[in-house]
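In: After the sequence you'll find the predicted model.
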Number of protein chains: 2
Amino acid sequence: MDNKASVTIHDIARELKISASTVSRALNDNPRISKATKDKIKEMALKMGYQPNTIASNLRNQKTNTIGIVVPLINRHFFSSFISGVEEVASTSGYNVIISQSNDLLEKEKQIVHSLFSNRVDGLIASLSMQTNEFDHFQLFSKKNIPIVFFDRVVPELEAHKIVVDDFMVGVKATEHLISQGYKRIAHLAGPTVLHTYRDRMAGYRSALEKNNIPIDDSLIIFNRLTRIDGQEAIKQLLALPHPPDAVFCGNDISALSMMVYLKKIGVRIPEDFGLIGFSNEPFSEVVTPSISTLEQPAFKMGLKAGELLIQEIERKTRSSKHLTITMPTELIVRESSNRKK
Amino acid sequence: MDNKASVTIHDIARELKISASTVSRALNDNPRISKATKDKIKEMALKMGYQPNTIASNLRNQKTNTIGIVVPLINRHFFSSFISGVEEVASTSGYNVIISQSNDLLEKEKQIVHSLFSNRVDGLIASLSMQTNEFDHFQLFSKKNIPIVFFDRVVPELEAHKIVVDDFMVGVKATEHLISQGYKRIAHLAGPTVLHTYRDRMAGYRSALEKNNIPIDDSLIIFNRLTRIDGQEAIKQLLALPHPPDAVFCGNDISALSMMVYLKKIGVRIPEDFGLIGFSNEPFSEVVTPSISTLEQPAFKMGLKAGELLIQEIERKTRSSKHLTITMPTELIVRESSNRKK
DNA sequence: CTGAAAGCGCTAACAT
DNA sequence: ATGTTAGCGCTTTCAG
């Protein structure tokens, strides 16, 4: 039940009959302190079980060595891999990471951002919630010149650094792949268009069709939130069309999978009768039968990059005036669900 | 380039020609302040763009409203779901969460624990690294009566609260299920026995066999790290036996999957000729073909529970003397890979 | 090379 | 109902 107050630098100072400032300097390896006293102080600190109080130091230094991360959902492969990347650079650079999830709710996101600000994080890394259509809460940071790096779900309007993949090219690559496999009526399951990442993918899809002289049929484009249930309802809706599609480019792997499950159940052969391609290469996509074609989003690397960039900005005295947008490569992964030509 | 210092309660006080303490009290809804002045103060705070400095408040209050979490790897379904659970209770109770990963390295774990301590987290939730065989770093917390909750990878020696599943029963349930399906020679792929969670599961397996008068054949028990490759090598080894098994209880779903892939490739029918059951209900297990029987480890719920318990302890003035061990139920999920009797 | 003193922003006795 | 004052633990001028 040893619950007495922690040992502070003052305790060490008193014990050694020196001043607290000397102790502080010694523990921070300040060159103005002699080797001898440093050793003496460090030894005593160890002996007394001294543990620095980071909070006090943070308050005094106006710096917390902490990075805030906001993601829609931590429990998603893409995001947890991304965070893992950030965590890696952060910890090697001496930063802690505070993570919060918005659950895709704007209100929660706002609250989190305020809380992170109040905790005086040195920088912020964020991916927007699906509902986010206003950005005042981020102004808090930019107004005070605290660097922000957005990733994945970003908006062009935001003046900040961004780590993204080329979603337009994603749409193009996925669609052209399906075309190359001989599919004729290609549908697209798109996410909420408030998010430009989904808009861009759709634009890529349209562009690929146009370039290949395939007419664009808006009834083949469905918008929803890309959940499992959404996928199933979308495929039902598509199949009920007068001229149903013979392939779908899905906004994510989850919805592609749920479409596949439904199609298999009603006896549609994949990829012979129907082609499917998803997005983001979830771990399951490789192991289901048939395996699902998709595009790999380099989550971990994006996290590393975001962390690097942010820390660079934090440690630069003057804010860099221009905002970088780093576009990471995506890789088309052709698997069974869309591969009907050897 | 608005980089001037933040608005503090003193700025508000000066503006309103009142004292800082009144401002502080008003903003904290202290009943001793009149409604009128509260309103006035809050309005001014809003107008001036005041954002509380949590650090200062933390230092003063000796409380950070922050929970530290240490996991081996954030980018793993079980851990990220668990964290998600913690995060949920934490945020509804007004706590932030700092997450760090040990990468299964003892040294990293030590460093993290010290850093979390220095950041004066109000409590700690941890799952041990695979290397952890000493526990002094956690003493830091217990000595100062800061509550800790261990989960999943725990050791009995630790005097702290624990959230676990009944691994012995896991072994029993899995094995008895295979027996009930008529499999005769049941093998077990076990993880590293330094971790008691794997030891317990194996004990459950043995116990179930004994109870059903099935002789235990040690050549049917294989130990490795349960990776994909491990699974494949294990099944090859098992099939090469003079009397090969007709079913395997695997220590996790990954290894069960890789066995399945191999068995399918060489033409073994599942579940007719061979039965498989895994553990932990990875997302892919449900969607592969055949779907994999498994036992659900309620990660998210465990996270909720851990968070609840920890916060309870934090907010109790006196530490509860006894250490709770909460055993969460696991659920047998029978799917195709082991279900040969309708 | 070391010490004294002030202050980071907030809160809570203790006043009144 | 509000103000005064001191201090959480640390760092950093400024002085010597």
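Out: Ah, there it is.

In: Does stretch A:242-262 reach chain B?
Out: Yes. With CB under 8 Å from any CB of the partner chain as the threshold, stretch A:242-262 lies in contact with chain B, specifically through A:257, A:261. Where C-beta positions appear, they are placed from N, C-alpha and C, glycine not excepted.

In: Can you tell me which residues in the stretch 51-200 of chain A are near DNA strand C?
Out: Along the stretch 51-200 of chain A, the residues adjacent to DNA strand C under the rule CB under 7 Å from any atom of the strand are A:56, A:59-60, A:62.

In: hmm, 6 Å instead?
Out: Proximity of the stretch 51-200 of chain A to DNA strand C, by CB under 6 Å from any atom of the strand, involves residues A:59-60.

In: Output the set of residues of the stretch 51-200 of chain A in proximity to chain B.
Out: With CB under 8 Å from any CB as the criterion, the stretch 51-200 of chain A comes near chain B at residues A:51-56, A:58-59, A:64, A:66, A:73-77, A:80-81, A:83-84, A:87, A:91, A:96-101, A:108, A:112, A:114-115, A:117-120, A:140, A:143-145.

In: quick one: which of the residues you listed sit in strands?
Out: With strands identified by DSSP state E, the entries of these that belong to them are A:66, A:96-101.

In: any low-confidence regions in chain A?
Out: Scanning chain A for pLDDT under 70 picks out A:1-5, A:317-321, A:342.

In: What segments of it are strands?
Out: With DSSP E applied, chain A shows strands at A:66-71, A:96-101, A:123-126, A:148-151, A:161-165, A:186-190, A:221-223, A:247-250, A:275-277, A:294-296, A:325-328, A:331-333, listed in chain order.

In: highest average neighbour count across those?
Out: For those, the largest average neighbour count (mean count of other CB atoms under 10 Å in any protein chain shown) is found in strand A:247-250, namely a mean of 30.

In: Enumerate the positions of stretch A:8-23 that are buried.
Out: A:8-9, A:11-13, A:16, A:18, A:22-23 (16 or more other CB atoms under 10 Å in any protein chain shown).

In: How about the contacts made by the residue nearest to residue A:121 when sequence neighbours are not counted?
Out: With CB to CB, 6 or more residues apart in numbering or on different chains as the measure, residue A:68 is the residue that lies nearest to residue A:121, at 3.8 Å, once sequence neighbours are left out. For residue A:68, the contacting residues are A:97-98, A:100, A:116, A:119, A:121, A:123-125, by CB atoms under 8 Å, 6 or more residues apart in numbering or on different chains.

In: and the gap between residue A:68 and residue B:55?
Out: The span separating residue A:68 from residue B:55 equals 13 Å under the rule CB to CB, to the nearest Å.

In: Quick check: neighbours shared by these two?
Out: Common neighbours of residue A:68 and residue B:55, counting by CB under 8 Å, 6+ apart, are residue A:119.

In: Can you give me the distance of residue A:338 to DNA strand D?
Out: To DNA strand D, residue A:338 is 58 Å away according to CB to the nearest atom of the strand, to the nearest Å.

In: ok, now residue A:144?
Out: Taking CB to the nearest atom of the strand as the criterion, residue A:144 is separated from DNA strand D by 20 Å.

In: Check whether that residue really touches residue B:6, as I assumed.
Out: Yes. Residue A:144 sits in contact with residue B:6 when judged by CB atoms under 8 Å, with a separation of 7.2 Å.

In: Run through the residues that contact the closest residue to residue A:275 other than its chain neighbours.
Out: Distances taken as CB to CB, 6+ apart place residue A:247 nearest to residue A:275, at 3.5 Å, with adjacent residues excluded. When contacts are counted by CB under 8 Å, 6+ apart, residue A:247 is found next to A:178, A:181, A:183, A:185-187, A:274-277, A:338.

In: likewise residue A:282?
Out: Residue A:282 makes contact with A:77, A:252-254, A:294, B:283, according to CB under 8 Å, 6+ apart.

In: Going through those, which ones are buried?
Out: Judged by 16+ other CB under 10 Å, buried ones among the contacts of residue A:282: A:77, A:252-254, A:294.

In: List, one by one, the residues from chain A near DNA strand D.
Out: Contacts of chain A with DNA strand D, taken as CB under 6 Å from any atom of the strand, map to A:5-6, A:8-9, A:20-21, A:24-25, A:28, A:52-53, A:56-57, A:59-61.

In: and if we set it to 10 Å?
Out: A:5-13, A:19-28, A:30, A:32, A:45, A:50-63 (CB under 10 Å from any atom of the strand).

In: Looking at these, which are in helices?
Out: Residues of the residues of chain A next to DNA strand D located in helices (DSSP state H): A:9-13, A:20-27, A:45, A:54-61.

In: now stretch A:74-82: how far from the chain's centre is it?
Out: 7 Å (CA atoms, centre = their mean, to the nearest Å).

In: List of residues touching that stretch?
Out: Residues lying outside stretch A:74-82 but in contact with it, judged by CB under 8 Å, 6+ apart, are A:71-73, A:83, A:99, A:101, A:127, A:151-152, A:280, A:282-283, A:297, A:299-300, A:302-303, A:306, B:74-77, B:80-81, B:83-84, B:87, B:300.
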